[in-house]
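> Please work out how this folds:
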Amino acid sequence: MTVSLSYAGMNNRAADTKLPEPSPNNPFGKYRNAVNVDFDNEGHLLFPRIGSTLAYSGTECHSWFEYEDSLGYGLFVDGTSLKRLNLDDTATALKTVNPLPMSYCVLDNTIYFSNGSDTGIYVNGSIKEWGVDAPPMQPLATATPTGGMYAGEYRIAITWMVEISNGHYEESGTGNSTRVTVTDGGGIRLSDFPLVPSYVDIVSVYVSSVNGQDLYLYDEYPASIDEVFIRYNVGSIKLDTQFGFKVRPKLGLTLHYGRIYWIDGNFVYYTEAQHYGLQRAGSYFHYEAPVTNIMSVPGALYITTETGIYRINGIDSEQPTNTQVKTYGAPEGSYYQDYNDTFAYLVSHNGFCKVSAEGIVEIAQNDIAFPLFEKGVAAVVEHQGYQKLIAVMQEGTVSTLQHPDYTANEVARGNASGL
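As a prediction, the model looks like this:
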């Protein structure tokens, strides 16, 4: 989905007597203002402007996330319920949540959601736990006289696993491994397993080689297991979640190259690569001002704050770069992203922008002095054969670059703020 970058419409920077006149490149000139109308790329006015139809009547509906599957059109919050809008425009309650703004991101057929208090995963009509608590302790390991193992010291650890979808599991982290010394030809007995949460499906047991440091999968067992006997075994699946912990996501959920990112004040935190329910200490980026948006495009991750825009490259390298690319920021939530495209649209403090791996392109800054908004939302819609980038913004203040004539005219027609 694309929107043309050619701009034909209004201008609030010039004086009334100096509005851009028609020219070969812009045969219609510029308008002082445009209310309840649309422009096409050639400058024609389109009537009527796009409208809307009531699909569902709730109490306090917000946080819409469009995701069409065989059951419905998407998710939203209605009061204290996370709901799915069904194909017949009814709604199904999925989970009781706090009445806070909700954030979402999608991976294949799985939606991850968080409002900073309530989290979860939506898959095929069901809600699953997002992330798995780590076992609070390792089981008791004691040496046994039989088992065919080499003499020496072994390390033991367990993890918990939850089935997210058919055959796909999320694995917990785990703490320090426990040690046991085995005589030649002996084995190991595990007992006193920690109490397993009700949502856990599998207990995985990992064992090191003799006198080794790394742990490898020995076997997987039902969550009800209370005793395991370990014999000689050569494992090949290495434990790679040790010392990780269950995710603590907030808002701004964004999927980028195998990790999920989110906003927490002046920080951007992220999960382990390919382990979306797991994070580690130190997995974050820090900024001088509160973060407002995270945008993923092929080849780059962009972070907007209240005062700047940053680009992150090489996250999985030894020295990732975190470079400021613009000295203006953007309001909270003010971007649109179609994951079938290679770019995103941003409503920044400098106006509409196109964001891609090649950089940031301002679309209408020469004509529009954009108000400074606190938050908003952007979308691309189709109407009368055109695709339109639309922004609905809140809590704005007049830009210092807006011409006084425009401000006076807006106040005169009843717009007290002069926006």
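> quick one: the helices in the protein?
For the chain, applying DSSP state H gives helices covering 404-412.
> So which helix or strand of it has the lowest pLDDT on average?
Each helix and strand of the chain was given a mean pLDDT (mean pLDDT, DSSP states H and E); the minimum falls on strand 45-46 at a mean of 71.
> Neighbouring strands - and their directions - for that one?
Sheet partners assigned to strand 45-46 using DSSP bridges are listed as strand 38-39 (antiparallel).
> can you give me how far the strand it pairs with is from the chain middle?
For strand 38-39, the distance between its averaged C-alpha position and the chain's averaged C-alpha position is 32 Å (CA atoms, centre = their mean, to the nearest Å).
> tell me the average confidence for it?
For strand 38-39, the mean pLDDT works out to 73.
> Now do the contacts for the residue lying closest to Thr241 once chain neighbours are set aside.
Ranked by CB to CB, 6 or more residues apart in numbering and with sequence neighbours excluded, the top spatial neighbour of Thr241 is Gly173, at 4.7 Å. All C-beta spots, glycine's among them, are computed from the backbone N, C-alpha and C. Shown in contact with Gly173 (CB atoms under 8 Å, 6 or more residues apart in numbering): 134, 159, 241-246, 278.
> In the stretch 301-419 of the chain, where is pLDDT below threshold?
Where the stretch 301-419 of the chain drops to pLDDT under 70, the residues are 414, 416-418.
> What are the boundaries of the strands in it?
Listed in chain order, the strands found in the stretch 301-419 of the chain under DSSP state E, counting those that start in this stretch are 309-313, 321-326, 335-337, 343-348, 351-356, 359-362, 375-383, 386-394.
> what's the angle between the fourth one and strand 375-383?
Spelled out, that is strand 343-348. Angular relation of strand 343-348 and strand 375-383 on a 0 to 180 degree scale: 130 degrees, by axes from the mean of the first three to the mean of the last three CA atoms, to 10 degrees.
> now strand 343-348 and strand 351-356, what's the angle there?
Between the axes of strand 343-348 and strand 351-356, defined by the same axes, to 10 degrees, the angle is 150 degrees.
> what pairs with strand 343-348, and is each one parallel or antiparallel?
Sheet neighbours of strand 343-348, with direction, are listed as strand 335-337 (antiparallel), strand 351-356 (antiparallel) (DSSP bridges).
> helices and strands around the biggest strand by length in the chain, which ones?
Ranked by residue count under DSSP state E, the longest strand found in the chain is strand 152-165. Of the remaining helices and strands, those touching strand 152-165 by 3 or more CB pairs under 8 Å, 6 or more residues apart in numbering; DSSP states H and E are strand 119-123, strand 168-171, strand 178-182, strand 187-191, strand 202-208, strand 215-222.
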